[in-house]
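> Build me a model:
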Amino acid sequence: MSNFLLDSLNKFNITKQKLLLAISGGVDSMVLLAQFNELKKLGLVNNESIIVTFDHHKRADSLDDAKFVYQYCLNNQLSCFIENIEVEATNFQELARNQRYQILKELAFKHGITYILSAHHADDLLESILIKFLRGSNLLGYSGFQAWKEEDGFVFVKPFFAQSKQDLITWAHSHHLDFRQDSSNDEDNYLRNKLRHHVVPLLKDYNPNILTQATRYHDTLREYFNFIRQQSIVYYQKNGGSLASFLALNPLLQKDLISYLFEQLDISFNSQIIEETIKTLQNPQKRSLIKTINPHYSLIKNWETFEIVATSPDETIYTLEYYSTPPSIQDQEQSNYNVLCYNNIDYPLSVRKPARGDLLKMTYGTKSLKKLMIEKQIPSYRRNQLLVLVDRHNNILYVEDIYINRALGDDHQLYIKKIGPLKGQKKEKK
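Numbers count the residues shown, from 1 in each chain. Below is the predicted model:
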């Protein structure tokens, strides 16, 4: 019987690479481990590869599963690590998956490994497609999962992507392979289990080739997605966060571009979140706003542009530095300095935020800071965050991004730049 793992390793051209195998002890992952062991004995895979198994502390016998994998590795001179997963019962599946992925990446980094293998198969793919269909996603999400996924410098590979669950069971039985049974897979507590027990069997009865159809469906959506995603990347490299350009895009590209921006920041999303974000950008009555996406990120819409920015859990502090001597040419090129010309300045200078009644001296008279911020289309949420440089008499010399006092003469120069984020206060420099 064919070694499915070898077929995939040859296909992906990673036969000689160091691998990290994630093994649970169930039939799928034990077939992956046993096939790897076969290849190791034949000298067809890298001997520095490692095995990782997890104790989720969810069941009384979960440690026995991990010990079972460890003993198999010990018997076959394979390097194995047991890692602990401890998460709250609420939303266990997602939290445990995220923690596993983090541990896998940390171990791979520690051992100089790029390729991380798991035993997901065609039945898992069908279930994932159904889950995404029920919950909503983007085009790539609706295709299920990927056989090859690059993330944070690692590659997650699913070598059994094209194999059915029955293929793996048949292989295990023909090779008299022992494996563990996870009792939680028999429960209907999770959506995936409900689909596996009640929906997938009906689909297989209706169409015995449903797994082949699911794989073809996946391949078709992935091809469409790859084409559309390339258009989104080219567009964003050219136009960035231009709101007018975004609103002129085809709706399909709008959805994919927002998905792309979310993915770059590792923001979880579904079709509803994408649609709500686009509606926010399309709303002509809200030209300037800040909208919370999740506890860590916010959408900022600012008249002609938009961006997604991190929301710091701590207070982020910026300030202004100013120098009376010119910075070096190299420093000037690397930093965004503004130059204030003057004859006399009453020191000490200080940095503050805008205040009610602030007036700016112009060459033709005065103007309120509030009016200037409106003219410059500074979003209302940002107006109180601008940095203002004043002299000892509270005369405004400079306002971040929008104003430099040009009524002070030109005998001397002051070089000003914004610095941060900082923790705590920072002294100004003369």
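
> Quick one: the helices in the stretch 1-150 of the chain, in order.
Taking DSSP state H, counting those that start in this stretch as the criterion, the stretch 1-150 of the chain contains helices spanning 4-12, 27-41, 62-75, 92-110, 122-135, 139-142.

> Highest mean neighbour count across these, which stretch is it?
With neighbours defined by mean count of other C-beta atoms under 10 Å, none of the helices of the stretch 1-150 of the chain is more surrounded on average than helix 27-41, at a mean of 21. C-beta coordinates here come from the backbone N, C-alpha and C atoms, glycine included.

> For the stretch 301-430 of the chain, which segments count as helices?
Taking DSSP H, counting those that start in this stretch as the criterion, the stretch 301-430 of the chain contains helices spanning 329-334, 369-375, 380-383.

> which secondary structure elements does the last one contact?
This points to helix 380-383. For helix 380-383, the contact count by 3 or more C-beta pairs under 8 Å, 6 or more residues apart in numbering; DSSP states H and E identifies strand 288-294 as packing neighbours.

> For the strand it packs on, which strands pair with it and how are they oriented?
In the sheet containing strand 288-294, the strands it pairs with under DSSP bridges are strand 297-302 (antiparallel).

> hmm, who's touching the partner strand?
When contacts are defined by C-beta atoms under 8 Å, 6 or more residues apart in numbering, strand 297-302 is touched by residues 243, 265, 267, 277, 280-281, 286-293, 306-311, 377, 379, 381-382.

> Got a quick ChimeraX command for the buried subset of these?
Here is the ChimeraX command that selects only those of these that count as buried (16 or more other C-beta atoms under 10 Å):
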select :243,267,277,281,289,293,306,308,379
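
> where does the chain dip in pLDDT?
Within the chain, the segments meeting pLDDT under 70 span 1, 89-90, 312-318, 328-335, 420-430.

> what's the longest helix in it?
helix 210-239 (DSSP state H).

> gap between that helix and the chain center?
18 Å (C-alpha atoms, centre = their mean, to the nearest Å).

> so which helix or strand takes in F156?
Using DSSP states H and E, the element containing F156 is strand 154-157.

> could you say what helices and strands that strand packs with?
Where contact means 3+ C-beta pairs under 8 Å, 6+ apart, strand 154-157 is packed against helix 92-110, strand 115-117, strand 148-151.

> Looking at those, which is nearest to E321?
In terms of C-beta to C-beta, the element of those nearest to E321 is helix 92-110, at 36.8 Å.

> Summarise which helices and strands the closest one is packed against.
Contact here means 3+ C-beta pairs under 8 Å, 6+ apart; on that basis helix 92-110 packs against strand 19-22, strand 50-55, strand 79-84, strand 115-117, strand 154-157.

> residues making contact with it?
With C-beta under 8 Å, 6+ apart, helix 92-110 has contacts from 20, 22, 50, 52, 54, 56, 58, 81, 83, 85, 87-88, 113-114, 116, 151-152, 154, 190, 192.

> So which bits of the longest helix of the chain are buried?
Neighbour-count burial for helix 210-239 flags 210-211, 214-215, 217-218, 221-222, 225, 228-229, 232, 235-236 (criterion: 16+ other C-beta under 10 Å).

> Check the gap between the closest residue to T311 other than its chain neighbours and I273 for me.
The spatially closest residue to T311, leaving aside those adjacent along the chain, is S298, at 5.2 Å (C-beta to C-beta, 6 or more residues apart in numbering). Separation of S298 from I273 (C-beta to C-beta, to the nearest Å) stands at 13 Å.

> Determine the residues that are contacts of both of those two.
In contact with both S298 and I273: no residue, using C-beta under 8 Å, 6+ apart.

> Redo the helices and strands packed on strand 154-157 as CSV? Include distance to K132.
Conversion of the helices and strands packed on strand 154-157 to CSV gives the following (distance: least, C-beta to C-beta, whole Å):
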stretch, distance to K132
helix 92-110, 14
strand 115-117, 22
strand 148-151, 15
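
> what's the closest of these to S174?
When the helices and strands packed on strand 154-157 are ranked by distance to S174, counting by C-beta to C-beta, first place goes to strand 115-117 at 21.8 Å.

> That closest one pairs with which strands?
Applying DSSP bridges to the sheet, strand 115-117 is found paired with strand 19-22 (parallel), strand 154-157 (parallel).

> List the contacts of it.
Contact partners of strand 115-117, identified using C-beta under 8 Å, 6+ apart, comprise 14, 17-22, 32, 104-105, 108, 154-159.

> Centre of the chain to that strand, how far?
Using C-alpha atoms, centre = their mean, the offset of strand 115-117 from its chain centre is 19 Å.

> before we move on, what about stretch 113-132?
Using C-alpha atoms, centre = their mean, the distance from the centre of stretch 113-132 to the centre of the chain it belongs to is 19 Å.

> Pick out the residue nearest the middle of this protein.
Per C-alpha atoms, centre = their mean, the C-alpha nearest to the average position across the chain is that of D266, at 1.4 Å.

> element containing that residue?
Element membership for D266 (DSSP H and E) is empty, with no helix or strand holding it.

> so how far is D152 from it?
Taking C-beta to C-beta as the measure, D266 and D152 are separated by 9 Å.

> re earlier: let's have the buried residues of helix 210-239 in TSV, adding distance to I131.
Listed next are the buried residues of helix 210-239 as TSV, based on distance: C-beta to C-beta, whole Å:
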residue	distance to I131
I210	15
L211	16
A214	12
T215	16
Y217	14
H218	13
L221	15
R222	17
F225	18
I228	22
R229	22
S232	24
Y235	30
Y236	29
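
> Would you mind giving the domain segments of this structure?
What automatic domain parsing lists as the domains of the chain is 4-216, 241-310, 317-422.

> Deepest-packed of those domains, please.
Each of the domains of the chain was scored by mean neighbour count; the highest is domain 4-216, a mean of 17, by mean count of other C-beta under 10 Å.

> Distance across it, terminal residue to terminal residue?
Its start and end residues considered, domain 4-216 measures 19 Å (C-alpha to C-alpha, to the nearest Å).

> Stretch 45-58 too?
The distance separating the two terminal residues of stretch 45-58, taken as C-alpha to C-alpha, comes to 34 Å.

> so what secondary structure elements neighbour the top strand by length along the chain?
Identified as the longest strand of the chain according to DSSP state E is strand 412-422. Contact partners of strand 412-422 among helices and strands, from 3+ C-beta pairs under 8 Å, 6+ apart: strand 317-323, strand 338-342.
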